[in-house]
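Peer 1: sharing a model that was predicted from the sequence below.
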Amino acid sequence: MNTILVIDDESGIRTALSSILMDEGYQVETAEDALIGLSLLEQRSFEVIFLDVLLPRMGGLEALEKIRTGWPGIEVVMISGHANVDMAVRAVKLGAFDFLEKPLSLDKVLTVTKNALTIQKLRHENISLKKAKKLPFDEIIGHSPGIQAVKDRIEQAAQSDARVLISGENGTGKELVVRAIHYTSNRADKPLVEVNCAAIPDTLIESELFGHEKGAFTDAVSSRRGRFEMANGGTLFLDEIGDMTLTAQAKVLRAIQEQKIERLGGEQTLTVDVRIIAATNKDLEAECRAGRFREDLFFRLNVIPIHIPPLRERTEDIPELLNYFLKSFGSGDIKISPSAMDYIQRYSWPGNVRELKNFAERLSILCETDRIEQDVVENILGMVSNTSSGKIPLKSEAIKGGNKFGLPEDILALDYNEAKDLFEKRYLEYKLSENGYIISRTAELIGMYPSNLHAKIKKHGIRMER
């Protein structure tokens, strides 16, 4: 049922509009001023707003600007008994759908409402079509038994609202599976909201998930919706759920069980309709046995389990994946020799599909020839490269190192965790520099969410230069 909000300080207008719209089957809520109306927007979803221009405390045009910024998907119809052309033009420039003069015409109100809802529906359909064009399966490449089982499970999961738990190593494509499920489900036109549980400090997780009221803590200068509210009607993706603290796990369990939440510092209980999809690179059953993950939450999440096999277990998909990535980088004419492809398929790919994508990007940038031989592959993967001609067709020097594996000696002198952190820092510094320190572009190219990249930059103290 479409829900409409009427914001007007005249009780007669609120009553008249409510009666007209409710007679047509719409659900209507009212507010006597803009501040109350904005508070209602924080609590639930609306499709159309009728907003008076002259209001106490906050004017209608100022409220319109806030609505367009905070809730751009809602159509706003301005109403006024003191309208003029300049005011109407300004309202439309600010993003109003239409402008109605008082006294309101019954036919005009119904026509504008119907048109606004039609436009909104078309916009949602357009967004869904654009997303569906890329997904659900266009980016899940491969026909191996393992990946075909994943696709079959996606189709099964999309037909219900059951919770899904996706497991797999880093770089296997868990995010693609999440989007495929969402955009083939009956929630495809509703929000898909992601929470990276590993990137949010324990002190902020409750506010991030459930929102907060103004004054709930020192920096809470205004009310804020949490991710559960943002995902209302749609899907909430809890990424790296295995890294969530036990305290946060208890609060998420309660929200899942009851489909009800309370904002931090608030007293009102909000009902939410959210489908939960969680993902992890950890063995959650082992984490439960170790006492680091709640067993009751695990069973709540693990209704439909989907395991994505690592790339080394579906090597028959590698040629198709590599060709796909090369085409995406504009190098679809590059051919891989049989010996080179055999070497690529025998490589362990610890970074999985993400590493293969980065490898394809290096090939498209570094290689001058349109045929790739094994020595080039060995070179780019950082292995020993000894060719009969002694020449490798690259635009830059081979990867160098002081040992047969091509690893820098300063990294080899460290323990595992220190070496991993140092490599990660150098890798991110290089990629950020290569992409002009633009977070969104760098994150996309290396297969990482921008929020994750922000967290890594902060962790390693990387200087953001221009």
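Peer 2: Now that the structure is in, tell me what you want to look at.
Peer 1: low-confidence stretches in the stretch 301-450 of the chain?
Peer 2: Under the criterion pLDDT under 70, the flagged ranges of the stretch 301-450 of the chain are 382-411, 413.
Peer 1: so the residue most central in space within the chain, which of the three states?
Peer 2: Closest residue to the average C-alpha location of the chain: residue 194 at 4.6 Å, with Cα atoms, centre = their mean. Using DSSP: H, G, I helix; E, B strand; the rest coil as the criterion, the local structure at residue 194 reads strand.
Peer 1: partner residues bridging it?
Peer 2: Listed beta-bridge partners, residue 194: residue 237 (assigned using DSSP bridges).
Peer 1: tell me the contacts of it?
Peer 2: Contact analysis of residue 194 by Cβ atoms under 8 Å, 6 or more residues apart in numbering lists 237, 239, 449. Every C-beta, even on glycine, is put in place using the N, C-alpha and C of the backbone.
Peer 1: okay, now the domains of the chain?
Peer 2: What the record gives for the chain is the domain set 3-130, 136-309, 316-399, 416-460, from automatic domain parsing.
Peer 1: lowest-confidence stretch among those domains?
Peer 2: Least confidently modelled of these is domain 316-399, at a mean of 78 by mean pLDDT.
Peer 1: mind checking how far residue 363 is from residue 140?
Peer 2: The gap separating residue 363 from residue 140 is 22 Å, by Cβ to Cβ, to the nearest Å.
Peer 1: repeat that for residue 197.
Peer 2: For residue 197 relative to residue 140 (Cβ to Cβ), the value is 23 Å.
Peer 1: which one of the two has more residues nearby?
Peer 2: Using other Cβ atoms under 10 Å as the criterion, residue 197 and residue 140 rank with residue 197 on top: 22 against 19.
Peer 1: residues in contact with that one?
Peer 2: Residues near residue 197 by Cβ under 8 Å, 6+ apart: 205, 238, 239, 240, 241, 242, 243, 244, 248.
Peer 1: let's verify the residue nearest to the fifth one when sequence neighbours are not counted: helix, strand, or coil?
Peer 2: Taking Cβ to Cβ, 6 or more residues apart in numbering, and ignoring the residues beside it in sequence, residue 241 has residue 278 as its nearest neighbour in space, at 4.1 Å. At residue 278, secondary structure determined by three-state DSSP is strand.
Peer 1: is it true that residue 278 touches residue 301?
Peer 2: Yes - using Cβ atoms under 8 Å, residue 278 is in contact with residue 301, at 4.8 Å.
Peer 1: give the residues shared as contacts by these two.
Peer 2: Common neighbours of residue 278 and residue 301 (Cβ under 8 Å, 6+ apart) are 163, 164, 165, 241.
Peer 1: now, of these, which are buried?
Peer 2: Neighbour-count burial (16 or more other Cβ atoms under 10 Å) applied to the shared contacts of residue 278 and residue 301 gives 163, 164, 165, 241.
Peer 1: and these, which is closest to residue 156?
Peer 2: residue 164 (10.0 Å; Cβ to Cβ).
Peer 1: who does that closest one bridge with?
Peer 2: Going by DSSP bridges, residue 164 forms beta bridges with residue 277, residue 304.
Peer 1: and it, what does it touch?
Peer 2: Contacts of residue 164 (Cβ under 8 Å, 6+ apart): 157, 181, 276, 277, 278, 301, 303, 304, 305, 306.
Peer 1: buried subset of the residues you listed?
Peer 2: Buried among these (16+ other Cβ under 10 Å): 157, 181, 276, 277, 278, 301, 304, 306.
Peer 1: so the first one: helix, strand or coil?
Peer 2: For residue 157, the assignment made with three-state DSSP gives helix.
Peer 1: ok, the last one next?
Peer 2: Reducing the assignment at residue 306 to three states with three-state DSSP gives strand.
Peer 1: any idea how far it is from residue 140?
Peer 2: 11 Å.
Peer 1: what does the fifth one give?
Peer 2: When distance is defined by Cβ to Cβ, residue 278 is 19 Å away from residue 140.
Peer 1: repeat for the fourth one
Peer 2: Here the criterion is Cβ to Cβ. By it, residue 277 lies 15 Å from residue 140.
Peer 1: quick check: closest non-adjacent residue to residue 177.
Peer 2: What sits nearest to residue 177 in space, not counting adjacent residues and going by Cβ to Cβ, 6+ apart, is residue 166, at 5.5 Å.
Peer 1: same question for residue 43.
Peer 2: That would be residue 270: by Cβ to Cβ, 6+ apart, it lies 6.1 Å from residue 43.
Peer 1: which residues does the one you found bridge with?
Peer 2: residue 261.
Peer 1: in stretch 202-218, what's buried?
Peer 2: Neighbour-count burial for stretch 202-218 [16+ other Cβ under 10 Å]: 205, 206, 207, 208, 209, 210, 211, 212, 213, 216.
Peer 1: you'd agree the last one is up against residue 207?
Peer 2: Yes - the criterion here is Cβ under 8 Å, and residue 216 meets it with residue 207 at 7.5 Å.
Peer 1: shared neighbours of the two, anything?
Peer 2: Common neighbours of residue 216 and residue 207 (Cβ under 8 Å, 6+ apart) are residue 264.
Peer 1: after the helix or strand containing residue 203, next one along is what?
Peer 2: Using DSSP states H and E, residue 203 maps to helix 202-210. Moving toward the C-terminus from helix 202-210, the next helix or strand (DSSP H and E) is strand 211-212.
Peer 1: by contact count, what packs against that following strand?
Peer 2: Contacts defined by 3 or more Cβ pairs under 8 Å, 6 or more residues apart in numbering; DSSP states H and E place strand 211-212 against strand 224-225.
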